[in-house]
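J.: below is the structure, and that's it, no one-letter string:
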C-alpha cells in the first residue's frame, strides 16, 4: 500500500514540476527588437469595406524600438504596409490606420518592420479573424 501511495505522490510531484515550467513567462526580445503578441481593430463595431480604421498591435520589447512601418495581410494577399500612427510604451501598443478590402470573412495578419544596428528586420506575424460588411 505504501509503495502505491509513494508512486502516486511521485507522479503528482513530477506533474507539478512540469506544469510550473510550462507557465514560466517568455523572455523579452533582445534590446532593440520587437515581438508582436496580438492584433485587433480599435473599434469593435461593424467593419465596413473601403473605410479606414485604426488597428492596434500589442507588442513586447526590452525598451524602446525603432518601428518603421506596420504591414497587414488579408488572407493570402500580399502585404499592405502603412506608416505608424503612434507607439505607446505604457500599454505596449502600436497603432496604424489601415484600409479594408471587399466584404467577406478574412484572417487579418499583421507584422511590423523595425530597424536595429542599421539593418531592417520584420517581426513575427500575429492574426485575428475579421468580417468586413458593406
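T.: Good, I have the coordinates. For clarity, every value in this text was computed on a predicted model and none was experimentally measured. Numbers count the residues shown, from 1 in each chain.
J.: surely residue 108 meets residue 72?
T.: Yes. Between residue 108 and residue 72 there is a contact under Cβ atoms under 8 Å: 6.2 Å. (Each C-beta comes from the backbone N, C-alpha and C, glycine too.)
J.: low-scoring stretches of the chain, by residue?
T.: 1-25 (pLDDT under 70).
J.: where do the helices sit along it?
T.: 2-22 (DSSP state H).
J.: residue contacts, residue 35?
T.: Residue 35 sits next to 29, 59, 60, 61, 123, 124 when contact means Cβ atoms under 8 Å, 6 or more residues apart in numbering.
J.: filter these down to the buried ones.
T.: Those of the contacts of residue 35 that meet the buried threshold are 29, 59, 61, 123, by 16 or more other Cβ atoms under 10 Å.
J.: from those, pick the one nearest residue 53.
T.: Taking Cβ to Cβ as the measure, residue 59 is the one of the buried ones among the contacts of residue 35 closest to residue 53, at 18.9 Å.
J.: hey, what's that closest one bridged with?
T.: Per DSSP bridges, the residues bridged to residue 59 are residue 36.
J.: list the contacts for it?
T.: When contacts are counted by Cβ under 8 Å, 6+ apart, residue 59 touches 34, 35, 36, 37, 65, 92, 93, 94, 112, 123.
J.: could you pull out the strands in this structure for me?
T.: 34-41, 47-48, 52-61, 66-74, 80-83, 86-88, 93-99, 104-116, 119-122, 126-133 (DSSP state E).
J.: how distant is stretch 48-58 from the center of its chain?
T.: Relative to the centre of its chain, stretch 48-58 is centred 15 Å away, using Cα atoms, centre = their mean, to the nearest Å.
J.: list the buried ones in that stretch?
T.: Buried positions in stretch 48-58, judged by neighbour count with 16+ other Cβ under 10 Å: 53, 55, 56, 57.
J.: measure the residue nearest to the first one when sequence neighbours are not counted to residue 100 for me?
T.: Excluding the flanking residues, the one nearest residue 53 by Cβ to Cβ, 6 or more residues apart in numbering is residue 41, at 5.4 Å. Applying Cβ to Cβ, to the nearest Å, one obtains 9 Å for the distance of residue 41 from residue 100.
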